[in-house]
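[1] missing the sequence, but the structure's below:
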């Protein structure tokens, strides 16, 4: 998978996260299908340098924390709360390798329900028929013994 570095919607500077531009301090319009890797500015990949992840999370959480937007307009407060919550969720999902693997699996199997089991048409009917045939054979072998 290729990783395209997104640009700020306001100043067009490269973004380290799709949530916020550190160059012009502008919140970004976040696409609804954003994944946790995009939130933290990493390519979708299992291998992530944990030090880079930690550093990026700390840097973004300091900038996005709602406490720093206490005197800001209501819209910015709301965006800060939403972005901060999204950042925390993304970080917690990618921080540990097991949760990252689970998240990657869910990304790659979005369209498929792994818990859904389907049987071919007529399968159960055939199984009942085979079970009846087996029962009849067992009964006939018991009566001949």
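    Ah, there it is. In this text, all values refer to a predicted model and were calculated from it rather than measured experimentally. Numbers count the residues shown, from 1 in each chain.
[2] show me what contacts the residue nearest in space to the middle of the chain?
    Nearest to the geometric centre of the chain sits residue 103, at 4.6 Å (C-alpha atoms, centre = their mean). Counting by C-beta atoms under 8 Å, 6 or more residues apart in numbering, residue 103 makes contact with 36, 93, 94. (Glycine included, C-beta is placed from N, CA and C.)
[3] and it, what element?
    Element membership for residue 103 (DSSP states H and E) is helix 97-108.
[4] need the next SSE after that helix, C-terminal direction.
    Next element after helix 97-108 (DSSP H and E): helix 123-144.
[5] Give me the distance between that following helix and the centre of its chain.
    48 Å (C-alpha atoms, centre = their mean, to the nearest Å).
[6] average pLDDT for it?
    Average pLDDT, helix 123-144: 85.
[7] Who are the contact partners of residue 53?
    40, 42, 91, 94, 95.
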